[in-house]
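**Student:** coords please:
(one chain, ligands or ions: 1)
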Amino acid sequence: MKNYIQINNKINSFNEKIEVSGDKSISIRCVLMASQAIGLSKIYNLLESEDVMNALKAIRKLGIKYRKRKNYIEIQGFGLNGYLTKKKIEIDAGNSGTLARLILGLLVNVDNYVTITGDKSLRKRDFSRVTKPLLNFGVNINSKDNKLPVKIIGSKYLRPINYYEKLGSAQCKSAIMLASLKAPGITKIKAKKSRDHTELLFKNLKIPINIKRKKHYDFIEITGQNNFSGFDYYVPGDISSSAFFIVLTLISKKSKLIIKNVNTNKSRIGLIKILNKMNANITFKNKREYKGESISDIIVKSKKNFIGIKCPKSLNSSAIDEFLVIFLVAAKAKGVSTFNNLSELNKKESPRLNIAIKFLRMIGIKVIRKKDNIKIYGNPNLELNDFYEINNFRKDHRVFMMSCIAALTLGGKWKLSDKDSVNTSFPNFFKIIKKLGAKIN
Ligand code: S3P
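**Tutor:** Predicted coordinates for the structure are as follows:
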């Protein structure tokens, strides 16, 4: 079967209400935490994407049973020592950096070797950012060139660590937090701000955690070796998936969209803050709190006059997965937009900073790059007529979906390969985009 799509027409104006699938970060965390709880957990609205399926397969390999019920997934945990690792086990995390890094944290007490591997894209990514601090707990970890496959064997004599997380990476912070559950005593973490879903889950599960939030850093202390009980959780919609439709609406003509039940946690809404600074008018309605997470309906309308932004780097971490679509708005804005310190963007499923620059230049936008800082020279009259082909992007789901939004709003004829990549994070992408009226062949 063909694994590409063609888009030859812009989307017509629309006025719709949609709901996107469950948040990927929270879904993976719920699966992993449920696998370590004592007793039954029920996860509703779990994202059914490849990354999350790989998390379920991973816990099954470790002897944890799950069952799909009508509208939830049931997971039976046996506590912090509950993984069965009698024989050597290999876990394939597929495309998911979050799964591979977080589960390493949970393996610090296993009594046999577990190997973590992944797909071609994940095997190119650096793992020293988690293996180095994990070693300090007293475990044994082997890898070649700090890449997957990584082999880990735990220890009975773990010790708590002091860890300084400097990258603003929630994956690194969370891997250490999960490992700290197993170590006796208090693990202390100073972490540059990043998404805090793990912290909120810990609090909600009554795991002894103390958090002091400062302007740029959080100081976290966790007391280990405290089991917690199974739990129920309803996963809210994913703002990173919503981002594609938010930008689609903004840069289409005369359209309006309501996206219901989206996770609008403060550590995830950099996209909204950045776009509103660029003159968008995105608002939240029905704001409510659920287990410490903030949830809202997002309302967005088309706009014509975007203005360039000097993006504060303090917003980088809270918009890290959304920069690809933010750059599309910068391409349509009046004036120059500046984004600084984006090195982390090149450490994702594909080197997204390099790819974004190539993409913007391909559609005729001037971009100047100095190290990890870029200037995008917007063109409010941007209108495309040529043929564009997108391939060779390491099947990065977000590059694919961003390209769809460009094709549906900027004109021209497009051929986009690896449509299956949406299954990584957002299998419903095509269903929703067709509901909005997109014509895709
Ligand atoms: C994630 C953290 C971010 C993000 C990724 C999901 C998480 O990665 O890009 O898609 O769930 O913790 P980093 O921690 O590497 O920034």
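**Student:** Next, the contact list for residue 390, please.
**Tutor:** Applying Cβ atoms under 8 Å, 6 or more residues apart in numbering, we find residue 390 in contact with 359, 399-400, 403, 414-417. From N, CA and C alone the C-beta is placed, and that goes for glycine too.
**Student:** Going along the chain, name the strands of the stretch 201-350 of the chain.
**Tutor:** With DSSP state E, counting those that start in this stretch as the criterion, the stretch 201-350 of the chain has strands at 209-213, 217-223, 232-234, 256-263, 283-290, 293-301, 310-311, 336-339.
**Student:** Take the contacts of residue 390 and write them to JSON lines, including neighbour count.
**Tutor:** Compiled in JSON lines, those are given as follows (neighbours: other Cβ atoms under 10 Å):
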{"residue": "359", "neighbour count": "23"}
{"residue": "399", "neighbour count": "23"}
{"residue": "400", "neighbour count": "24"}
{"residue": "403", "neighbour count": "24"}
{"residue": "414", "neighbour count": "23"}
{"residue": "415", "neighbour count": "17"}
{"residue": "416", "neighbour count": "24"}
{"residue": "417", "neighbour count": "18"}
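**Student:** picking that back up, show me the one of the strands of the stretch 201-350 of the chain that comes nearest residue 421.
**Tutor:** Using Cβ to Cβ as the measure, strand 256-263 is the one of those that comes nearest residue 421, at 21.7 Å.
**Student:** re earlier: now, which of the contacts of residue 390 lie close to the ligand?
**Tutor:** When the contacts of residue 390 are checked against the ligand using Cβ under 6 Å from any ligand atom, none falls in range.
**Student:** just those now: which is nearest the ligand?
**Tutor:** residue 399 (13.2 Å; Cβ to the nearest ligand atom).
**Student:** three-state assignment of that closest one?
**Tutor:** Counting by DSSP: H, G, I helix; E, B strand; the rest coil, the backbone at residue 399 sits in helix.
**Student:** so which strand or helix has residue 386?
**Tutor:** According to DSSP states H and E, residue 386 maps onto strand 384-390.
**Student:** Alpha carbons only: can I get that strand in CSV?
**Tutor:** Coordinates of each C-alpha in strand 384-390 appear next as CSV, following Å, rounded to 0.1, in the frame of the first residue of the first chain:
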residue,chain,number,x,y,z
LEU,A,384,2.9,28.9,-3.0
ASN,A,385,2.4,27.5,-6.5
ASP,A,386,5.1,24.9,-7.0
PHE,A,387,5.4,21.2,-6.3
TYR,A,388,6.9,20.2,-3.0
GLU,A,389,8.0,16.8,-1.8
ILE,A,390,8.8,15.9,1.8
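**Student:** related to what we said a few turns ago, export the strands of the stretch 201-350 of the chain to JSON lines and append columns for mean pLDDT.
**Tutor:** Shown next, in JSON lines, are the strands of the stretch 201-350 of the chain (pLDDT from 0 to 100):
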{"stretch": "strand 209-213", "mean pLDDT": "98"}
{"stretch": "strand 217-223", "mean pLDDT": "98"}
{"stretch": "strand 232-234", "mean pLDDT": "98"}
{"stretch": "strand 256-263", "mean pLDDT": "98"}
{"stretch": "strand 283-290", "mean pLDDT": "98"}
{"stretch": "strand 293-301", "mean pLDDT": "98"}
{"stretch": "strand 310-311", "mean pLDDT": "98"}
{"stretch": "strand 336-339", "mean pLDDT": "98"}
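**Student:** out of those strands, nearest to the ligand?
**Tutor:** strand 256-263 (11.6 Å).
**Student:** and the protein, which of its residues are near the ligand?
**Tutor:** Residues of the chain lying near the ligand (Cβ under 6 Å from any ligand atom): 25, 98, 169-171, 174, 195, 320-321, 344, 348.
**Student:** And the residue lying closest to residue 244 once chain neighbours are set aside, how far from residue 200?
**Tutor:** Nearest residue to residue 244, sequence neighbours excluded (Cβ to Cβ, 6 or more residues apart in numbering): residue 401, at 4.9 Å. To residue 200, residue 401 is 27 Å away according to Cβ to Cβ, to the nearest Å.
**Student:** again with residue 135
**Tutor:** 28 Å.
**Student:** neighbour count winner among those two?
**Tutor:** Neighbour comparison, residue 135 and residue 200: the larger count goes to residue 200, with 21 against 15 (by other Cβ atoms under 10 Å).
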